[in-house]
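Asks: The sequence and its predicted three-dimensional model are supplied below.
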Amino acid sequence: MNNLREIFNIGGAFEAVINWLTENMDGVFDAISLVIRTVLSGLNALLTFPHPLVMIAIFGALAWWMAKRWVGIFTIIGFLLIYIMGLWSATMDTLGLVITAVIISMAIGIPLGIWASKNDMVERVTRPILDFMQTLPAFVYLIPAVLFFRLGPVPGIVATLIFSLPPAVRLTNLGIRQVPTEIKEACRSFGATSSQMLFKAELPVALPTIMAGVNQTIMLALSMVVISGMIGAGGLGNEVLKGITQLKIDLGFESGISIVILAIFLDRVTQALGESTQKKQGPPSK
């Protein structure tokens, strides 16, 4: 058994790859870290500059406009509760981490999903990789992220975007592949180029499915951002970790409530955005 383990030393091979990347790719990781820090600092400044009551009004108006009236009322009451509990700053830090991770995930996932929808070989290659990414325990992503980027928000965002990437790729691929053939044939009959067909026909029709991928990406990112509190990512994840390690039941419960409120707000708003795009598209073609 020991001989077989030495031959098939998967963990050792993974460690060797990580060590090689750490020793030879420092410049690349520093550049990635700089980009992520720049985006995150800009978002944090945008979210924390106005007074919390002003931001609560903005969030409530956005939820009221995008979703139903009760969602707007819930948003106002929920965020007021977060403010009263003294967790506003941590919540905005968490929201900044989520938005940063989702922006990068969609910037990578949507083009990759488009490529997979146009090339069967790419889809066959990416499918097992995405399966692996979705089934690998979330805590495992923290190990290489810390080795590459040390402690702080940057490794938390990197681990989060990797964990939340698969839905963006899968649902973009699915949405474009499900575009009715009648629409594609009509585009070809009018002499549309491949890029015109993609941007003026396929992507608009696939937009509701892509928005479903955005919704799933946001939910996965929020769950992973909380776990990333273990490596100093900040936000509500740190508060939950304090509640666990210091046995502060009140802090842990209040942090959990804040996460639930933020999750419901993000979920309802993105769902409403996806439904509105679907209504604009009209009923599906038969």
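Replies: That came through, no problem.
Asks: Packing partners of the lengthiest helix in the chain?
Replies: Under DSSP state H, the helix in the chain containing the largest number of residues is helix 249-281. Applying 3 or more Cβ pairs under 8 Å, 6 or more residues apart in numbering; DSSP states H and E, one finds that helix 249-281 contacts helix 52-66, helix 69-84, helix 88-118, helix 203-227, helix 236-245. Where C-beta positions appear, they are placed from N, C-alpha and C, glycine not excepted.
Asks: tally of neighbours for Leu194?
Replies: Just so we're on the same page, residue 194 is Ser rather than Leu. The burial count assigned to Ser194 is 11, neighbours taken as other Cβ atoms under 10 Å.
Asks: again, but for Gln134
Replies: So Gln134, with other Cβ under 10 Å, has 14 neighbours.
Asks: shouldn't it be in contact with Leu165?
Replies: No - using Cβ atoms under 8 Å, Gln134 makes no contact with Leu165, being 9.3 Å away.
Asks: Can you tell me how far the closest residue in space to Lys68 that isn't next to it in sequence is from Leu174?
Replies: Excluding the flanking residues, the one nearest Lys68 by Cβ to Cβ, 6 or more residues apart in numbering is Ala272, at 7.7 Å. Noted for Ala272: a distance of 21 Å to Leu174, by Cβ to Cβ, to the nearest Å.
Asks: again, but for Gly11
Replies: 34 Å.
Asks: before we move on, what about Val154?
Replies: Taking Cβ to Cβ, one finds Val154 at 31 Å from Leu174.
Asks: These two: who's more crowded?
Replies: Val154 (24 against 17).
Asks: show me the contacts for that one.
Replies: Ile32, Ser33, Ile36, Arg37, Leu40 (Cβ atoms under 8 Å, 6 or more residues apart in numbering).
Asks: Name the SS class of it, please.
Replies: helix (DSSP: H, G, I helix; E, B strand; the rest coil).
Asks: any idea how far Val154 lies from Ile104?
Replies: On the measure of Cβ to Cβ, Val154 and Ile104 end up 11 Å apart.
Asks: One more: Trp65?
Replies: Trp65 sits 27 Å away from Ile104, going by Cβ to Cβ.
Asks: Check Leu53 too.
Replies: Leu53 is 31 Å from Ile104, by Cβ to Cβ.
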